[in-house]
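> Quick one, structure for this:
(2 chains)
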There are 2 protein chains.
Amino acid sequence: MDASNGLEDFEKTSDDDIKFFFDASPPLKNAAEIKRKTDEFIQKNSNSGKLFQNPRRIVLVTSGGTTVPLEQRCVRYIDNFSSGHRGATSAEYFLRAGYAVVFLYREGTYQSFCTSLPNNPLLECLQVTKESNIAACPQYEKTVKEAIINSHAATSCGTLLKLPFTTIFEYLQNLQLIASSMSSIGSRALFYLAAAVSDFYVPWESMHSPFVHNKFDVLQAVHKIQSSSGPLDMRLVQVPKMLLVLRRDWAPKAFCISFKLETDKNILLKKAGMALEKYSMDMVVANELLSRKEEVIIVTKGGNIVVKRDTTRADADVEEPLIKLIVDRHSASISSVS
Amino acid sequence: MDASNGLEDFEKTSDDDIKFFFDASPPLKNAAEIKRKTDEFIQKNSNSGKLFQNPRRIVLVTSGGTTVPLEQRCVRYIDNFSSGHRGATSAEYFLRAGYAVVFLYREGTYQSFCTSLPNNPLLECLQVTKESNIAACPQYEKTVKEAIINSHAATSCGTLLKLPFTTIFEYLQNLQLIASSMSSIGSRALFYLAAAVSDFYVPWESMHSPFVHNKFDVLQAVHKIQSSSGPLDMRLVQVPKMLLVLRRDWAPKAFCISFKLETDKNILLKKAGMALEKYSMDMVVANELLSRKEEVIIVTKGGNIVVKRDTTRADADVEEPLIKLIVDRHSASISSVS
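Below is the predicted model of the structure:
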């Protein structure tokens, strides 16, 4: 779940801004390997459909927050908090609906099938028995076993590809790479962009190269406007609006869903509507901070749809009806273009 | 391990700065409960010595990095990267040396006895057998079992108290609370301050109260110097130097060790020496970035001591001889005052 998708303001993003961002980014580690894995995953799944989907559809679920490094050897960074709970849960429902899922997640955030486990399941859920076997504590036995079995099943049967990121650079480079690869399946591609993406960043090349010798040195080099003593002033520049290029260039036929989170419902709906139009999204999932686990509003060109969790079941979540609705709309969209 | 202990610059910290920091901090959640647990832990351990220590000594190990929230409903924050590996490993050696350990750690960082496990041990080390039992994958069996057994043993026998923090506010409020409690055991208290503490923060009260309506609004409210468009300017103020008050007021008889990390050895030793003197530390552990897992230099009033890991053993770490030396010096210090 995200607080912002880099959509809050709707200034123009030029191709120059985007080129500058990527040119000024540190090279993505293992880019060739990620591309190979992604292409292979998409090709394999695209050729092997099951259930009602033939050929199979593929969704990219992004999850968790991106960081903005303040130093090249990253000790200090700005982070966007997101537990990744919505992304991880949503990915489960997409898998159950027969989609292949590319899960682009922030390192250390929630994983699918593990969202109901404590923070540190190894120490909090497991014990070693007198016979020297590992066993779950009784109250966690069912949850732990299901988490392990379902996770292993999804990765081993080849319908779940997990790709981690940490920084805004890694996130957007991965997004470009995956989107370009997914463009090969046209309208069967779905983008479910739930990650909390930073609005501002420090261009990599403008950072101090070596490690911190002096915090003033570094931040001065990075931010240019350091005062000589006392408070610290930092200058960050806007992250270009990549949804524009995702829609226009990277995967123009895909079904695209972005997210918005606010406290005030009116502001929320206004901004969600602007994002829908400005970035030609198919849907914007509007979340009000306090009620977002109970209901969300899906903003579409055809109107707004309120999606609520089933309150008659204690363990029901809002992602279940949300993903059901999205899958239906995606189906309709595929039919309309084919 | 830390990149900075709030020691980089040696400007004066006044009592007013410290009062301002705590007055402007959000109240620590569960402060009464933390105090009760800490007091109980210290009292119990102080009255029950084992091995060569009677009564038992108690060490506070701080571990991982602190965050600086940029909003009251914390979505965006500045973070100091630290895996917590040094803190978690050091705590193990202190436990083995017979100390009781208060482990003040950043939520989500390494835990003692678990430092050699993969990021997500539940999914990476465990499997469910055909008989529907949980078992470790063969290559991890020994490590996983030892981690669970040792962790549970330390907490259940009452020699390890784990207290999590996330923000700079929580960290320093916990530090004050624990230090004040530990002052009751005088020279038997040891402070091993390995956490990476933020140098700058945004005073809580100056932040925008409600949630983000507009990133410009919020950051403008927080930082005051937002330009009308384009780049984002932020202003942060210095975190007061708490080591001064730790030493002077909170626990004046304790043995105090702080940490310093730099790339340049000369700058490192100079700064470590300044911290030793300025904050009346008993030791400053000086880490050079690239070699810190192989050796550290302990800076003391009596001179510098190089501590190296035993390179004849592949699994040997630098914390083993480091903690041995610290325990010896702490013993000498206790003898000299008693």
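> what ranges do the helices span in the stretch 151-300 of chain A?
A:168-182, A:215-223, A:242-245, A:265-278 (DSSP state H, counting those that start in this stretch).
> quick one: is the longest one near chain B?
The one in question is helix A:168-182. No. Using C-beta under 8 Å from any C-beta of the partner chain, helix A:168-182 never reaches chain B; the gap is at least 12.2 Å. Where C-beta positions appear, they are placed from N, C-alpha and C, glycine not excepted.
> Can you give the distance from that helix to the centre of its chain?
Centroid displacement of helix A:168-182 relative to its chain, using C-alpha atoms, centre = their mean, to the nearest Å, is 11 Å.
> which other helices and strands contact that helix?
helix A:15-23, helix A:31-46, strand A:58-63, strand A:67-69, strand A:100-106, strand A:160-165, strand A:189-193, helix A:242-245 (3 or more C-beta pairs under 8 Å, 6 or more residues apart in numbering or on different chains; DSSP states H and E).
> now the last one
Of the remaining helices and strands, those touching helix A:265-278 by 3+ C-beta pairs under 8 Å, 6+ apart are strand A:255-262, strand A:283-288, strand A:295-300.
> how much distance is there from the longest one to the middle of the chain?
Computed by C-alpha atoms, centre = their mean, the separation of strand A:255-262 from the middle of its chain amounts to 11 Å.
> Can you classify residue A:304 by secondary structure?
strand (DSSP: H, G, I helix; E, B strand; the rest coil).
> who's it bridged to?
Counting by DSSP bridges, residue A:304 forms beta bridges with residue A:299.
> pLDDT wise, what is it at?
pLDDT recorded at residue A:304 is 97.
> quick one on the thing from earlier: could I get the helices and strands packed on helix A:265-278 as a markdown table with distance to residue B:147 and mean pLDDT?
Shown next, in a markdown table, are the helices and strands packed on helix A:265-278 (distance: least, C-beta to C-beta, whole Å; pLDDT from 0 to 100):
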| stretch | distance to residue B:147 | mean pLDDT |
| --- | --- | --- |
| strand A:255-262 | 37 | 94 |
| strand A:283-288 | 38 | 96 |
| strand A:295-300 | 39 | 98 |
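> Let me have the ones you listed in JSON lines, extended by mean neighbour count.
Formatted as JSON lines, these follow (neighbours: other C-beta atoms under 10 Å in any protein chain shown):
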{"stretch": "strand A:255-262", "mean neighbour count": "25"}
{"stretch": "strand A:283-288", "mean neighbour count": "24"}
{"stretch": "strand A:295-300", "mean neighbour count": "20"}
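> Tell me where the longest helix sits in chain A.
helix A:319-337 (DSSP state H).
> if we can go back for a sec, which one of the helices of the stretch 151-300 of chain A has the poorest average confidence?
Looking at the helices of the stretch 151-300 of chain A, the bottom one is helix A:215-223 with a mean of 40.
> quick one on the thing from earlier: if you compare the helices and strands packed on helix A:168-182, which one is most tucked away?
Of all these, strand A:58-63 carries the top mean neighbour count, a mean of 28, counting by mean count of other C-beta atoms under 10 Å in any protein chain shown.
> Name the surrounding residues that touch that one.
A:42, A:45-46, A:82, A:84, A:86-88, A:90-91, A:94, A:99-106, A:109-110, A:171, A:175, A:178-179, A:182, A:185, A:188-195 (C-beta atoms under 8 Å, 6 or more residues apart in numbering or on different chains).
> again, but for stretch A:113-127
The contact list for stretch A:113-127, computed with C-beta under 8 Å, 6+ apart, reads A:85, A:88-89, A:92, A:134-137, A:140, A:143-144, A:146-147, A:150-151, A:154, B:107-108, B:111, B:114, B:117, B:121-123, B:125, B:134, B:144, B:147-148, B:151-152.
> so how far is it from its chain's centroid?
Distance, stretch centre to chain centre, for stretch A:113-127: 23 Å (C-alpha atoms, centre = their mean).
> do the same with stretch A:327-338
Offset of stretch A:327-338 from its chain centre (C-alpha atoms, centre = their mean): 23 Å.
> With stretch A:280-297 instead?
15 Å.
> The residue nearest to residue A:76 when sequence neighbours are not counted - how many residues pack around it?
Nearest residue to residue A:76 in three dimensions, chain neighbours excluded: residue A:70, at 4.4 Å (C-beta to C-beta, 6 or more residues apart in numbering or on different chains). Residues lying near residue A:70 (other C-beta atoms under 10 Å in any protein chain shown) number 24.
> So, low pLDDT: which residues of the stretch 51-200 of chain A?
Low-confidence segments of the stretch 51-200 of chain A (pLDDT under 70): A:51-54, A:73-74.
> Could you rerun that using 80?
Along the stretch 51-200 of chain A, the model assigns pLDDT under 80 to residues A:51-54, A:71-75.
> Which residue does it have closest to chain B?
Closest residue of the stretch 51-200 of chain A to chain B, C-beta to the nearest C-beta: residue A:75 (4.1 Å).
> ok so, going back, tell me which residues are up against the longest helix of chain A.
Contacts for helix A:319-337 (C-beta under 8 Å, 6+ apart): A:57, A:86, A:89-90, A:92-94, A:97, A:99, A:186-188, A:190, A:192, A:253, A:255, A:257, A:282-283, A:285, A:296, A:298, A:300, A:305, A:307-310.
> again, only using 6 Å
A:89, A:90, A:93, A:97, A:187, A:190, A:255, A:307 (C-beta atoms under 6 Å, 6 or more residues apart in numbering or on different chains).
> Serialize the residues you listed to a markdown table and add fields for distance to chain B.
Shown next, in a markdown table, are the contacts of helix A:319-337 (distance: C-beta to the nearest C-beta, whole Å):
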| residue | distance to chain B |
| --- | --- |
| A:89 | 16 |
| A:90 | 18 |
| A:93 | 19 |
| A:97 | 22 |
| A:187 | 33 |
| A:190 | 25 |
| A:255 | 27 |
| A:307 | 21 |
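> All good on my end, thank you.
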